[in-house]
Each structure stands twice: as C-alpha cells, then as structure tokens.
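[1] here is a sequence with its predicted model. Questions after.
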There are 2 protein chains.
Amino acid sequence: MGRVKEPRWLNDDEQHTWRAFLNASQLLLDQLDRELQRDADMPHAYFTILVALSESPGGRLRMGELAELTWSSASRLSHAVTRLEQRGWVRRAECDSDKRGHVAEITDEGMRVLKSAAAGHVDGVRAHLFDLLTEAQVGQLREISETVMEHLAEHHPAAVRRARTTG
Amino acid sequence: MGRVKEPRWLNDDEQHTWRAFLNASQLLLDQLDRELQRDADMPHAYFTILVALSESPGGRLRMGELAELTWSSASRLSHAVTRLEQRGWVRRAECDSDKRGHVAEITDEGMRVLKSAAAGHVDGVRAHLFDLLTEAQVGQLREISETVMEHLAEHHPAAVRRARTTG
C-alpha cells in the first residue's frame, strides 16, 4: 500500500476558471433549453436528436449510433425517442440488414418542426455566445473544446464500446 | 408586421466551435458525474450544494440563496435537499429572523463526506481539464467563461428576481 497522496488542490486562478466555466456552460445550456421550450416546445436534448437524424442518410440511424452521436445512454435515448414518436416527429423501424437492430427515422413533420426550431435556436446561440466573443476567442474556444472532447471521448462508455467492437 | 428575417446561420468555423463546445462540456460534466457517483456515491449536483453550504457562514443558507448560488430551480433544489437530508448530510432548519424562510445546513457528516469526495474530484478536474491545457489556454477559458457568465446571469430567472427584490 502506498502512502496517502495529498490532493493537488486548485490554485486561486484555476478555481476561478473552473467555477466560471461550470457556471457559463450550465447557464448557457439552461438558457438555450428554456428558449427552445418557449419557442418550439422541446428541450435541447430533443433538438440534438432531431439534428443527428436529419443529417444522416435517409434521415435514419440505428439506436446505438444515435446514442453515440448524442453522447446519450441507451435508456435516456430510448425514453426521448418514445416521446418524439408520440409527437409524430420520429418513427421507429427495423433495420433491413439486421432485424434486431432498431432504427429511428425522422418524419416529414419532424423535419418541418426542426427547421422552424433551428431558426430561433441559432439566434440564441449567437446572442448568448458568438456575439459576445472576438474572432480570436472563437478560435481559442474551439481549440480548448476539441482538446477536451478528444481526451474525454476515450473515456466515454460508448467510445470504449465502439473501440472494442471495431477492434 | 415586419418582413421575415433570414436566420444568421453559423458558418463552418462557428458550427465546429459550437459542436465542440457542446460535446466537451457535456462529456466533461458526465465524466465528473460518473466519477463522483463511483467514488463518493453522489451526483455532481449534490457535490455543488454541499460546497455552497460549506463555504457559507455557519454552513447554512436560505433555500432561495442556495438556489441562486447553484443556479437551480426551487423545485429541483428542494428535491435534492430532501435526498441529502435522508443521507444525513444536510438538515433543514428555520431562519431566526424569518420563520417562513427555510434554511439548509450542512451536518458534520456532510462536511466529512464532502472533504473525502473533494480530494478525488479535484484529481478528475485536473486530469480532464487543467492538465490538458497550457497556462495561456487556462487564461483564455477564464475570460471566455466570465464573459458568457456575466451576460447570462442577467437572463437567469433567479438573477432577475434578485435584481427586483433588491431594487
């Protein structure tokens, strides 16, 4: 057994950065979520699912692929897709090549709703993020985010599963 | 009635930045949440509540103040505090100066659990964020986050309510 290591506590500057980042990202997601609820009657999570489907060939994805693209757990995604089905924005189908693999498909009505919601949503993303930043800061945010994203993708259960099944 | 304005869609660079930021912040919060669940048997939201209480005089805050500090809705916070009470980490009390205003107070056991959880949590915050960034990037992230945070605090219902009641 090793000796107990003293944790490397954050210094003041790191502490301020960490809290500012936590607050900013939570406030931003909450604000966009409230605006989507108010203007398009859907939470941000539904919007993300509809975007992922709309960008896929034929507007359809296997549930497993959709979970990976939206970084969602299988159970959370399944629940959301059921709600989207009830609204007529998504339908479930069977996959031609693999009957066991269930597929989610965006409907025409889902595409219409998504287009309408996207117009207001992009205004919010501009007003609450891009309009506040200089061009240099947009570049900085992209580099920082990509670094963190690439590091964490390796830790994500879906990424781990994906690596195993394709290895 | 004005003419319908064409939305100012994101250009490719903004689109990549936005998606990277969304993915990075969601993956980071999910990862830290999983680690806190695994190591300390609590979600990140509970940790945030315990930190806010532990840093307040006497380890206590009115529920309204606690909601504002954790950017939480009253109902979401009340639910979490009930769970924390059941674990013996927080107790509810009445406020001396205002019997109607209920107060949450961290218990000795809550302080013990928080200290133990914080040691592992800070390792996660370092491993998944600060260790990945240069010193310059830490400064950039702080400036970007503070800009977004200050802008959005004005939109937040709690901030609006706070401004009204102190006006």
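    Alright, I've got the coordinates.
[2] which residues are in contact with stretch A:68-88?
    A:45-46, A:48-50, A:52, A:61, A:63-64, A:66-67, A:90-92, A:104, A:107, A:109-110, A:156, A:158-159, A:162, B:23, B:26-27, B:30 (C-beta atoms under 8 Å, 6 or more residues apart in numbering or on different chains). Where you see a C-beta, it was placed from the backbone N, CA and C, and this is true even at glycine.
[3] find the residue ranges of chain A scoring beneath the pLDDT cut-off.
    For chain A, applying pLDDT under 70 flags the ranges A:1-5, A:95-101, A:156-167.
[4] spatially central residue in it, please.
    Centroid check for chain A by C-alpha atoms, centre = their mean gives A:T70 as the closest residue, at 4.4 Å.
[5] distance-wise, check it relative to A:R76.
    For A:T70, the distance to A:R76 (C-beta to C-beta, to the nearest Å) stands at 9 Å.
[6] so how far is chain B from the nearest residue to A:G59 once chain neighbours are set aside?
    Nearest in space to A:G59, with sequence neighbours left out and distances taken as C-beta to C-beta, 6 or more residues apart in numbering or on different chains, is A:I106 at 4.3 Å. Distance from A:I106 to chain B, counting by C-beta to the nearest C-beta, to the nearest Å: 19 Å.
[7] contact partners for A:I106?
    A:L50, A:L53, A:S54, A:G59, A:R60, A:W89, A:V90, A:L114.
[8] verify the contact between the third one and A:V113 for me.
    It stands for A:S54. No: the pair A:S54 / A:V113 is not scored as a contact, 10.5 Å apart, by C-beta atoms under 8 Å.
[9] the more surrounded of the two?
    A:V113 (22 against 14; other C-beta atoms under 10 Å in any protein chain shown).
[10] three-state assignment of that one?
    Put simply, A:V113 is helix when judged by DSSP: H, G, I helix; E, B strand; the rest coil.
[11] please apply the same query to A:P7.
    coil.
[12] for the closest residue to it other than its chain neighbours, give its distance to B:V125.
    Excluding the flanking residues, the one nearest A:P7 by C-beta to C-beta, 6+ apart is B:A119, at 4.2 Å. For B:A119, the distance to B:V125 equals 11 Å [C-beta to C-beta].
[13] before we move on, what about A:L10?
    A:L10 is 7 Å from B:V125, by C-beta to C-beta.
[14] neighbour-wise, which of the two wins?
    The neighbour count for A:L10 versus B:V125, taken as other C-beta under 10 Å, is higher for B:V125 (21 against 16).
[15] contacting residues for that one?
    By C-beta under 8 Å, 6+ apart, the neighbours of B:V125 are A:L10, A:W18, B:L32.
[16] please enumerate the strands of chain A.
    A:60-62, A:90-94, A:102-106 (DSSP state E).
[17] got CSV for these, with distance to A:M149 too?
    Listed next are the strands of chain A as CSV, based on distance: least, C-beta to C-beta, whole Å:
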stretch, distance to A:M149
strand A:60-62, 20
strand A:90-94, 26
strand A:102-106, 24
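[18] A:E146: which of the ones you listed is closest?
    With C-beta to C-beta as the criterion, A:E146 lies closest to strand A:60-62 of the strands of chain A, at 23.5 Å.
[19] show me what that closest one is packed up against.
    helix A:44-54, strand A:102-106 (3 or more C-beta pairs under 8 Å, 6 or more residues apart in numbering or on different chains; DSSP states H and E).
[20] mutual contacts of A:L10 and B:V125, please.
    Contact criterion C-beta under 8 Å, 6+ apart; residues shared by A:L10 and B:V125: A:W18.
[21] that older thread, report the buried members of the contacts of stretch A:68-88.
    A:45-46, A:48-50, A:52, A:61, A:63-64, A:66-67, A:90, A:104, A:107, A:110, A:156, A:158, B:23, B:26-27, B:30 (16 or more other C-beta atoms under 10 Å in any protein chain shown).
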